[in-house]
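# 3D, please:
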Amino acid sequence: MKVKRKIIEINDELCNGCGQCVPSCAEGAIQIIDGKARLVAEKYCDGLGACLGECPTGALKITERMADDFDAASVQEYLNHQESREAHQVKAGETRQPRQEASLACGCPSTHLESFGQSGSGPGDSHPACQCADTASGLSHWPVQIRLVPPSAPFLKEADLLVTADCAAVAYPDLHRDFLSGRAVLMGCPKFDQAEEYIRKFTAIFQTAKIKRITILMMEVPCCSGLSIIVERGLAAAGVTIPVERIRVSSRGEILDRKASAD
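Here you go, the predicted structure:
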């Protein structure tokens, strides 16, 4: 079905066929064909632009036009086919590796839910906050990766939620003091992680956890804006309205701008 939506556009004249955009597309929508980057099928492109930052010649941009609607089921089927084919090639003695590494098995300690309060926790706390000079940890729970946190996690209930890009958490020097304290946090990478998986996760969180406010911390690079789009699509799918503040951080750790939605 054709719909008007955002989708990748590739400039043939600018594309040099380097292929740097290919691995950044988690859906496998871009391939190098006859020496140029090509969109394999419109329905495989989610329009989030995770590939934009990888192109050294500026041949990629997001445009809005009539196109086949994004089809997550077709993407999964396509990726499964690609993985099976590549696995067959490896088994046949070729050198290529499967497209995606296997997921970690469940049971890893990183998946265990924990709430351990703010800094200054009591003597019975088995996880006392680290006191580093004049800075204390503001982290109040575990885990923090989007893919590991279930929508039913108790620390999400009626929380002020910080959604941060991995890189922004590293770049901004006072993350604990300015953003973690008093907030539940979820972090991930809109460039390399599975966007549709995250949209479904946020949809479930917004439907069940009664989140009060959302702060999105992201880098200045274009592909990082995908984090905001993921949250917006989760809100739309959940059918709820929650105040959102978007904050962009430079690679030098400076806050470039803050934009708040209407409460």
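# rest of the way, CA atoms for contacts and neighbours
Noted.
# I'd say residue 191 and residue 50 touch.
Yes. With contact defined as C-alpha atoms under 8 Å, residue 191 reaches residue 50; the gap is 4.6 Å.
# Okay, strands next: where are they in the chain?
All strands of the chain, identified by DSSP state E, fall at 2-10, 30-33, 36-39, 60-68, 114-115, 131-132, 135-136, 141-142, 160-165, 184-188, 213-219, 244-249, 255-260.
# quick one, the last one and strand 244-249 angle?
Using axes from the mean of the first three to the mean of the last three C-alpha atoms, to 10 degrees, the interaxial angle of strand 255-260 with respect to strand 244-249 works out to 170 degrees.
# Strand 255-260 pairs with which strands, and in what direction?
Note on strand 255-260: by DSSP bridges, its sheet partners are strand 244-249 (antiparallel).
# about what we covered before: need the strands of the chain in TSV (columns: mean pLDDT).
As requested, the strands of the chain are exported to TSV (pLDDT from 0 to 100):
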stretch	mean pLDDT
strand 2-10	91
strand 30-33	85
strand 36-39	90
strand 60-68	92
strand 114-115	69
strand 131-132	52
strand 135-136	74
strand 141-142	90
strand 160-165	97
strand 184-188	96
strand 213-219	96
strand 244-249	96
strand 255-260	94
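# Indicate which one of these is closest to residue 176.
strand 135-136 (7.5 Å; C-alpha to C-alpha).
# follow-up on the earlier one: now the strands of the chain as CSV including distance to residue 225?
Shown next, in CSV, are the strands of the chain (distance: least, C-alpha to C-alpha, whole Å):
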stretch, distance to residue 225
strand 2-10, 13
strand 30-33, 20
strand 36-39, 21
strand 60-68, 12
strand 114-115, 30
strand 131-132, 32
strand 135-136, 29
strand 141-142, 25
strand 160-165, 10
strand 184-188, 12
strand 213-219, 7
strand 244-249, 9
strand 255-260, 13
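# Next, work out how far apart residue 18 and residue 42 are.
Noted for residue 18: a distance of 21 Å to residue 42, by C-alpha to C-alpha, to the nearest Å.
# Residue 199 now?
Look at residue 199 and residue 42: by C-alpha to C-alpha, they are 19 Å apart.
# now swap in residue 158 and tell me
Computed as C-alpha to C-alpha, the residue 158 to residue 42 distance reads 38 Å.
# which of the two has more neighbours?
residue 42 (18 against 15; other C-alpha atoms under 10 Å).
# quick one, what contacts the more buried one?
Residue 42 makes contacts with 7, 29, 67, 68, 69, 70, as judged by C-alpha atoms under 8 Å, 6 or more residues apart in numbering.
# picking that back up, nearest approach to residue 85 belongs to which of the strands of the chain?
strand 30-33 (15.3 Å).
# hmm, who's touching the closest one?
Residues from elsewhere that reach strand 30-33 (C-alpha under 8 Å, 6+ apart): 17, 19, 21, 22, 37, 38, 39, 40.
# Kindly recompute the last result at 7 Å.
17, 19, 22, 37, 38, 39, 40 (C-alpha atoms under 7 Å, 6 or more residues apart in numbering).
# Which one of those is nearest to residue 152?
Nearest to residue 152 among the contacts of strand 30-33: residue 22, at 35.0 Å, using C-alpha to C-alpha.
# Next, name the residue at the spatial heart of the protein.
Nearest residue to the geometric centre of the chain (C-alpha atoms, centre = their mean): residue 190, 2.8 Å.
# Can you check which residues contact both of residue 191 and residue 50?
Counting by C-alpha under 7 Å, 6+ apart, the shared contacts of residue 191 and residue 50 are 24, 223.
# Format the contacts of strand 30-33 as CSV; extra columns: neighbour count and distance to residue 206.
CSV is the format used below for the contacts of strand 30-33 (neighbours: other C-alpha atoms under 10 Å; distance: C-alpha to C-alpha, whole Å):
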residue, neighbour count, distance to residue 206
17, 17, 41
19, 18, 37
22, 19, 32
37, 24, 37
38, 20, 36
39, 19, 33
40, 14, 33
